[in-house]
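Chemist: What follows is a predicted protein model with its sequence.
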Amino acid sequence: MSAATVQAAPPDALSRPEDHPKKRNILPYVLLAPGVLWLLIFFLIPIFTAISASVQTGSLDMGFKVTWNWANYSTTFSQYSTEVWHSLEYSVACTVICLALGYPLAYFIAFRGGRWKNLLMALVIAPAFTSFLIRTVAWETLLSDHGWITRVLMDLKVTNVMVHLGLLTNNHQLLNTPFSVIFGMVYNFLPFTVLPLYTSLEKIDPRLHEAGRDLFCSGFKTWRYITWPLSLPGVIAGTLLTFIPAVGDYVNAYMLGGPNTHVIGTVIENEALRDVFGYPIASAMGVILTAGTLLIVLGYVKKAGSEDLL
Amino acid sequence: MTKALDWIKSHILMFVSILILVFLIAPNAVMLLFSFNQPANKYNFVWHKFSTNAWQHPCASSDMCSSIKLSITIAVIAMIGATALGTMVAFAIMRYRFKGRTLLNVLLFLPMAAPEVTMGITLMTFFYNTTGSNSLGFWTIVIAHIMFSLSYVVVTVKARLSGMDPTLEKAAADLYATPFETFRRVTLPLVMPGILAAALLSFALSIDDYIITVLTAGNEVTFPMYVYASFQHSVPAQIDVIGSTMLLVTLAGIAFAQVPQIVKARRA
């Protein structure tokens, strides 16, 4: 282990940019220019266009003008507060459940996987090889009123209990509930939690576990004081990679949910595509969502202290 | 009794993991199965009877097949664009000194940290304000797809470059190779797996994207948009045929990629 580290060190050191002092010329800027310009023009500038658009009034036929109409922002919170809350609730629930399910799975593959490790990880990623929309259609099949899962629940006679827990609607429907939306989101984003968790767990030297046991730590204590702290970078990356797409997702809310599970993304798409007056308010909501996500991400990263996001 | 309990206790992690894996794979199995279903009505949600009809006539709905053609065309162009731009950026980051390195890292990270719907709505607003609402269509989708794939390409190629032994390039220079020869005959072949992986990733990201696409598509309909919209009128079994084909092609590709390794292991 230590010999390998020593041997690996020189190439790493050599590849640092400081070791190419002669190459200080115009070439790097030429290489960077197309990619950087693309991101500046089609990612960064549009954010500012959206900020400007969010204070415009007008309609598609008449054209839009900047009128400093801040009302779009207050409307978002007054008229669409339910949708904003739904987005937050669903994405937080999804992130927590993904961590609860993803951690044991990543732990098992990293430490008990043995020679099956790569195959098991392939199984985790394999579902993603087909369109996620088609896989969501498949869940619709399984969760629908005559689907297999609903029928098994009926046969087990647990439907009444589940209605009490709020997991089923009063007419014993699994679909069109917050449960089915969160269920679909967990399914969609779980691989994003597992991958970084696995990467950081896999790096942990198993001899540290043995050392823990040698020092009379219980299994739980070994995990709590050795494994968990060492896997924190994976936990941070995994939860971020889950939360970010989850907070903007509205495909699950549309396909597995119903009229009572609209999220902020649903409103943005509706306002932007189906309402001739809608695009300033859609921009305002886009700006709010961008700012909100960035604040949460920055706060999270600062608190958790992870610098190397890339 | 205690023995049995101990056995369960020591294997509980395994059972939980197997259950989660089943949860992850179940929809793919349903998709494969329902591609052989002959739906009783317009919605392929309830098992009716076995049929290979959908596999024999995958293009029964011509709208669907033209949407697939469009999705593949966009994915190929976006893949080439994003891979070219991203690889150049990755080389600049790993091999050269330049000003604004931190800013560049932030600029590359942000598209990965922004929810898709915000990128979609801001980009749509941008096109509305610059080129007008009629400009939305094929090329705006391509532009959007290159934009959101770019950072993933940079990260993938960068990882490959940082794992490379730079002494090989120095050795080539010692053997009087010109910088261009060194790049073409030493660096490029070594980075190639990383570039190919990045290209595949950007293809996959592009062909599966719904949210950004729908906001920049105008009147074009890509395959994910077709599936999403099909919920309102009919879900034909052909959708599952396409999904199953995608899955089988990728699995075959992965198996094919393993062949050299297996041959190597046998010989050794």
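Modeler: Good, I have the coordinates.

Chemist: going forward, measure contacts and count neighbours with C-alpha atoms only.
Modeler: Noted.

Chemist: Whether the strand or helix carrying B:His11 contacts chain A - can you check?
Modeler: According to DSSP states H and E, B:His11 maps onto helix B:2-34. Yes. Counting by CA under 8 Å from any CA of the partner chain, chain A is contacted by helix B:2-34 at B:13-14, B:16-17, B:20-21, B:23-25, B:27-28, B:30-31.

Chemist: Now the buried members of the residues you listed.
Modeler: B:Leu13, B:Met14, B:Ser17, B:Ile20, B:Leu21, B:Leu24, B:Ile25, B:Pro27, B:Asn28, B:Val30, B:Met31 (16 or more other CA atoms under 10 Å in any protein chain shown).

Chemist: Which residue is the nearest non-sequential neighbour of the second one?
Modeler: Read it as B:Met14. A:Phe108 (6.8 Å; CA to CA, 6 or more residues apart in numbering or on different chains).

Chemist: Using JSON lines, lay out the buried ones among the residues of helix B:2-34 next to chain A together with pLDDT.
Modeler: Formatted as JSON lines, those follow (pLDDT from 0 to 100):
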{"residue": "B:Leu13", "pLDDT": "89"}
{"residue": "B:Met14", "pLDDT": "90"}
{"residue": "B:Ser17", "pLDDT": "93"}
{"residue": "B:Ile20", "pLDDT": "94"}
{"residue": "B:Leu21", "pLDDT": "93"}
{"residue": "B:Leu24", "pLDDT": "92"}
{"residue": "B:Ile25", "pLDDT": "90"}
{"residue": "B:Pro27", "pLDDT": "90"}
{"residue": "B:Asn28", "pLDDT": "90"}
{"residue": "B:Val30", "pLDDT": "90"}
{"residue": "B:Met31", "pLDDT": "90"}
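
Chemist: quick one: which of those is nearest A:Leu230?
Modeler: B:Leu13 (19.8 Å; CA to CA).

Chemist: thinking that closest one is in contact with A:Pro104, fair?
Modeler: Yes. Counting by CA atoms under 8 Å, B:Leu13 touches A:Pro104, with 6.8 Å between them.

Chemist: Can you pull the residues that touch both of these two?
Modeler: Counting by CA atoms under 8 Å, 6 or more residues apart in numbering or on different chains, B:Leu13 and A:Pro104 have no contacts in common.

Chemist: ok so, going back, give me every residue that touches the residue nearest to B:Met14.
Modeler: Taking CA under 8 Å, 6+ apart, we find A:Phe108 in contact with B:Leu13, B:Met14, B:Ser17.

Chemist: contacting residues for the first one?
Modeler: Applying CA under 8 Å, 6+ apart, one finds that B:Leu13 lies in contact with A:Pro104, A:Leu105, A:Phe108.

Chemist: which one is A:His86 nearest to, not counting chain neighbours?
Modeler: Nearest residue to A:His86, sequence neighbours excluded (CA to CA, 6+ apart): A:Val263, at 5.5 Å.

Chemist: thinking again about what came up before, can you redo the contacts of A:Phe108 as TSV with distance to B:Gly132?
Modeler: Listed next are the contacts of A:Phe108 as TSV, based on distance: CA to CA, whole Å:
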residue	distance to B:Gly132
B:Leu13	56
B:Met14	56
B:Ser17	51
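
Chemist: Quickly name whichever of these is closest to chain A.
Modeler: The closest of the contacts of A:Phe108 to chain A turns out to be B:Ser17 (CA to the nearest CA; 4.9 Å).

Chemist: Out of the residues of helix B:2-34 next to chain A, which two sit at the greatest distance?
Modeler: B:Leu13 and B:Met31 (28.2 Å).

Chemist: can you list the weak-confidence ranges in the stretch 151-268 of chain B?
Modeler: Across the stretch 151-268 of chain B, the ranges flagged by pLDDT under 70 are B:261, B:268.

Chemist: The stretch 1-150 of chain A: strands as residue ranges?
Modeler: For the stretch 1-150 of chain A, the strands defined by DSSP state E, counting those that start in this stretch occupy A:56-59, A:63-66.

Chemist: tell me the mean pLDDT over the first one?
Modeler: It refers to strand A:56-59. Strand A:56-59 carries an average pLDDT of 70.

Chemist: next one: stretch A:232-245
Modeler: On average, stretch A:232-245 scores 88.

Chemist: what's the residue nearest to B:Met124 when sequence neighbours are not counted in contact with, if anything?
Modeler: Of all residues not flanking B:Met124 in the chain, B:Thr216 sits nearest, at 5.6 Å (CA to CA, 6+ apart). By CA under 8 Å, 6+ apart, B:Thr216 lies in contact with B:Gly120, B:Leu123, B:Met124, B:Leu136, B:Gly137, B:Thr140, B:Ile141, B:Ala144.

Chemist: Same question for A:Gln173.
Modeler: With contact set as CA under 8 Å, 6+ apart, A:Gln173 has these partners: A:Ser144, A:Asp145, A:Thr150.

Chemist: Could you measure from it over to B:Ala257?
Modeler: For A:Gln173, the distance to B:Ala257 (CA to CA, to the nearest Å) stands at 44 Å.

Chemist: hmm, who's touching the host helix or strand of B:Met124?
Modeler: Following DSSP H and E, the helix or strand that holds B:Met124 is helix B:116-130. Residues outside helix B:116-130 that contact it (CA under 8 Å, 6+ apart) are A:42-43, A:45-47, A:49-50, A:53, A:245, A:248-249, A:265, A:268, A:272, A:279, A:282-283, A:286-287, A:289-290, B:111, B:133, B:135-136, B:144, B:211-213, B:215-216.

Chemist: which regions of chain A sit below the pLDDT cut-off?
Modeler: A:1-24, A:58-65, A:166-167, A:170-171, A:276, A:303-310.

Chemist: mean confidence score for whatever helix or strand B:Val106 lives in?
Modeler: Assigned by DSSP H and E, B:Val106 falls within helix B:101-113. For helix B:101-113, mean pLDDT rounds to 85.

Chemist: which ones are touching the residue nearest in space to the middle of chain B?
Modeler: What sits nearest the mean C-alpha location of chain B, by CA atoms, centre = their mean, is B:Ala204, with 1.8 Å. The contact partners of B:Ala204, taken as CA under 8 Å, 6+ apart, are A:Phe129, B:Ala75.

Chemist: change it to 7 Å
Modeler: B:Ala204 makes contact with no residue, according to CA atoms under 7 Å, 6 or more residues apart in numbering or on different chains.

Chemist: How about the residues of the stretch 101-250 of chain B by chain A?
Modeler: Residues of the stretch 101-250 of chain B found near chain A (CA under 7 Å from any CA of the partner chain) are B:109, B:113-118, B:121-123, B:125-126, B:147, B:155, B:162, B:165-166, B:208, B:224, B:227, B:240, B:243, B:246-247, B:250.
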